[in-house]
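Engineer: Return a 3D structure for these sequence lines:
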Amino acid sequence: MTKTRIAVFVSGGGTNLQALLDAEAAGKLSSGQIVLVISSQKDAYALTRAEKAGVPGAVCSRKELGGQAAFEAAILAKLEEYGIDMIILAGFMSILSKDFTDRYPERILNVHPALIPSFCGQGYYGLRVHEAALARGVKVTGATVHFVNEIPDGGRIILQKPVAVEDGDTPEILQRRVMEQAEWIILPQAAEMVAADIARRKEHEA
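Structural biologist: Predicted coordinates:
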């Protein structure tokens, strides 16, 4: 079976990238192959993780490229160069335009550290999500993997996994638990589901 060629977009430490790389190494992500990592920050540790795994890395900085159009053009050039079929946003801190997302309909995945539609959308990222969940007093939070469209956290949901909120949780403690108990589990699962579907379609069209 032809493998789906995957690019992972990152901005920081790359823990979700590591979960994907580990899943691929363990054969749990078998329908897809991570062939490129693109970072919006040149000093992101995720690039080191990619290098250690033997995956090419590239930096596309909106600031250095001078704006959204140039930023997305640089990314698209890299995706074309590597023949990318599918994109996974793994802690990628940049919003992509409708023009960009329309090029990859239901081929861009994102993991969000809450149960959408709770604590999602514009401004909800990183620790802010967990701060909001604790401030609201919810007893259950979790993570969601969804397709990406032009609306922040607005695409169709693929998988969700609940995580209990415990007494004494800080945003940092809750963030870690959601990663360990939800994000690192459902992101590779969703990646395999979508990669398998794309690979089947590619073979059918061949």
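Engineer: got the buried residues for the lowest-mean-pLDDT helix or strand in the chain?
Structural biologist: The helix or strand of the chain with the lowest confidence, counting by mean pLDDT, DSSP states H and E, is helix 62-65 at a mean of 82. The neighbour-count check on helix 62-65 (16 or more other C-beta atoms under 10 Å) flags Arg62, Leu65 as buried. Where you see a C-beta, it was placed from the backbone N, CA and C, and this is true even at glycine.
Engineer: what pLDDT, on average, does the helix ranked longest in the chain get?
Structural biologist: Assignment by DSSP state H gives helix 184-205 as the longest helix of the chain. For helix 184-205, mean pLDDT is 94.
Engineer: Who are the packing partners of that helix?
Structural biologist: strand 4-10, helix 15-25, strand 32-39, strand 86-89, strand 108-112, strand 140-147, strand 157-164 (3 or more C-beta pairs under 8 Å, 6 or more residues apart in numbering; DSSP states H and E).
Engineer: Tell me what angle the third one forms with helix 15-25.
Structural biologist: Yep, that's strand 32-39 we're talking about. Orientation of strand 32-39 against helix 15-25 (axes from the mean of the first three to the mean of the last three C-alpha atoms, to 10 degrees) gives an angle of 160 degrees.
Engineer: Quick check: buried residues in strand 32-39?
Structural biologist: Gly32, Ile34, Val35, Leu36, Val37, Ile38, Ser39.
Engineer: Next up, the contacts around the closest residue to Tyr125 other than its chain neighbours.
Structural biologist: Among residues not flanking Tyr125 along the chain, Met93 sits closest, at 6.7 Å (C-beta to C-beta, 6 or more residues apart in numbering). Met93 is in contact with Ser11, Gly12, Ser40, Tyr125, Gly126, counting by C-beta atoms under 8 Å, 6 or more residues apart in numbering.
Engineer: neighbours around the nearest residue to Ile87 once chain neighbours are set aside, how many?
Structural biologist: Residue nearest to Ile87 in three dimensions, not counting chain neighbours: Ile108, with 4.5 Å by C-beta to C-beta, 6+ apart. Other residues within reach of Ile108, judged by other C-beta atoms under 10 Å, total 22.
Engineer: doesn't Ala90 make contact with Ile108?
Structural biologist: No. At 11.6 Å, Ile108 and Ala90 do not qualify as touching, with contact defined as C-beta atoms under 8 Å.
Engineer: Just the pLDDT for Val10.
Structural biologist: We have a pLDDT of 96 for Val10.
Engineer: Any figure for the gap between it and Gly142?
Structural biologist: 22 Å (C-beta to C-beta, to the nearest Å).
Engineer: For the two, indicate the residue with more neighbours.
Structural biologist: A direct count of neighbours by other C-beta under 10 Å for Val10 and Gly142 places Val10 higher, at 27 against 24.
Engineer: What pLDDT is listed against Thr2?
Structural biologist: 87.
Engineer: residues contacting it?
Structural biologist: Ala199, Lys202, Glu203, Ala206.
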